[in-house]
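*Asks:* Sequence and predicted model, in that order:
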Amino acid sequence: CRIQFRLPGNPKGLMSLKAACVGLRHGHASGLTGTFKLLEGVEVVAFCEDTDMEKLDALRENNPDVRLYTSVEELIEKEEFEVACVALPANEVPGVGIKLANAGKHFLMEKQFARNTEEMRPLVDAVQANSVKVLAHYPWRAHPAVKSIKDHLEEGTLGRPLAIHAQLVTSQVRPGFRGPEGLAYRNDTEGGGILHMLGGHWLEAMRFLMGGEVTSVQAVCRSVNGFMEGENMDDVSVVAMEFENGAVGNLYMGYLQAASGGYESGLQLWGTEGSVAWPEMGASTLELRSRSWDDNPRTLTFDLAPKEDVYGNEQWLFDLAQDFIQAIQEDRQPQVTALDGFRCLQIIDAAYESSKTGQRVEI
């Protein structure tokens, strides 16, 4: 039995939630922990880490009122909490997520969510069977620019979507840059290369904007630099997709920049009545054209407010996490669900299969 009580600044009177942060080794764990500490209606009561004891000891010094655990089983058995933040290597997320779901705990899970769909399917089944809320942390659909593109599509300004293109080129995986020994660049912990590690972000945004699922994939995924070892450890991937509404898309990903700090990204979408270009994904401007505007281009600018001490240091990213908490409190689905994450991983698995066989793969 839970008693709802009104929080200061919370006119809906929704209940407060106790939270546990599971995993400290992921590169985004620190930022997500900072996010959870600042969320309205959330009290972080526990940390759990089973490998990196130095980070756990550091937390003990800086958070004397928060309890520490070295296994998720002990956390679930001894701690009272309703929601968790899971930031673990991809190979560990399914097992931990299943335990949390079976215990009735809601959770945010940082990407990647599994090494492949075979390993992720039991996690999705457990989430659905236990009716817990899970935010698969692919945040692009919450970005003001992406929301604006979606609004223009729904309003008819761009017409019916015909094609979409997105790309990301970033620094190479090699000693001194993205160290090949890192959790994100090994087959045993991650399960794939750049398409697996980063591609899901772009694929989820493309699904959201195109309004449907990908039904077939043809791809070339290659290890061109040679520092990542194992199956599916691609430095470069080129993925062509067909959506269920007949539209097409392509995604280009590469660990290619030899100089540190390099980052090239972008997204373009074409519809029957107009087009839109986001020259740099994450940037605050869009360029739109529409027949309804006499073909005159328009530039839309968005206020991307900063927010310190949270994941990404931007307000819109924090707002996505806050919306997840409200989804739990209001008993509705979060913006990006575990099933959305699974659908993206299906596309990635299909791309790797297509690259191996040279054949188009149906999903």
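*Replies:* Thanks, I have the structure now.

*Asks:* Skipping its backbone neighbours, what lies nearest residue 252 in space?
*Replies:* Of all residues not flanking residue 252 in the chain, residue 167 sits nearest, at 4.1 Å (CB to CB, 6 or more residues apart in numbering). From N, CA and C alone the C-beta is placed, and that goes for glycine too.

*Asks:* Look at the one you found and say how many residues are nearby.
*Replies:* The local packing of residue 167 (other CB atoms under 10 Å) involves 17 other residues.

*Asks:* check which helix or strand covers it.
*Replies:* strand 161-171 (DSSP states H and E).

*Asks:* buried residues in that strand?
*Replies:* In terms of neighbour count (16 or more other CB atoms under 10 Å), strand 161-171 has its buried residues at 161, 162, 164, 165, 166, 167, 168, 169, 170, 171.

*Asks:* Sketch out the low-pLDDT regions of this protein for me.
*Replies:* Within the chain, the segments meeting pLDDT under 70 span 1-13, 295.

*Asks:* State the number of residues packed around residue 328.
*Replies:* 21.

*Asks:* who does the host helix or strand of it touch, helix- and strand-wise?
*Replies:* Residue 328 is part of helix 315-330, with elements assigned from DSSP H and E. When contacts are defined as 3 or more CB pairs under 8 Å, 6 or more residues apart in numbering; DSSP states H and E, helix 315-330 sits against strand 17-22, helix 29-38, strand 106-110, strand 134-137.

*Asks:* re earlier: who's in contact with the residue nearest to residue 252?
*Replies:* Residues in contact with residue 167 (CB atoms under 8 Å, 6 or more residues apart in numbering) are 251, 252, 253, 264, 265, 266, 267.

*Asks:* What is the three-state secondary structure of the fifth one?
*Replies:* In this case it means residue 265. Using DSSP: H, G, I helix; E, B strand; the rest coil, the structure places residue 265 in strand.

*Asks:* okay, now it: neighbour count?
*Replies:* 20.

*Asks:* Just the strands from the stretch 1-150 of the chain, written as ranges.
*Replies:* 17-22, 42-48, 67-69, 83-86, 106-110, 134-137 (DSSP state E, counting those that start in this stretch).

*Asks:* Quick one, which of those gets closest to residue 342.
*Replies:* Nearest of the strands of the stretch 1-150 of the chain to residue 342, taken as CB to CB: strand 134-137 at 8.2 Å.

*Asks:* Sheet-wise, list the partners of that closest one with their directions.
*Replies:* strand 106-110 (parallel) (DSSP bridges).

*Asks:* Give me the buried positions along stretch 98-109.
*Replies:* 98, 99, 100, 101, 103, 105, 106, 107, 108, 109.

*Asks:* Figure out how far it is from the centre of its chain.
*Replies:* 17 Å (CA atoms, centre = their mean, to the nearest Å).

*Asks:* that older thread, kindly reformat the strands of the stretch 1-150 of the chain as JSON lines containing distance to residue 55.
*Replies:* Below are the strands of the stretch 1-150 of the chain laid out as JSON lines (distance: least, CB to CB, whole Å):
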{"stretch": "strand 17-22", "distance to residue 55": "11"}
{"stretch": "strand 42-48", "distance to residue 55": "9"}
{"stretch": "strand 67-69", "distance to residue 55": "10"}
{"stretch": "strand 83-86", "distance to residue 55": "15"}
{"stretch": "strand 106-110", "distance to residue 55": "16"}
{"stretch": "strand 134-137", "distance to residue 55": "20"}
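
*Asks:* which one of those lies closest to residue 214?
*Replies:* Nearest to residue 214, of these and by CB to CB, is strand 134-137 at 16.4 Å.
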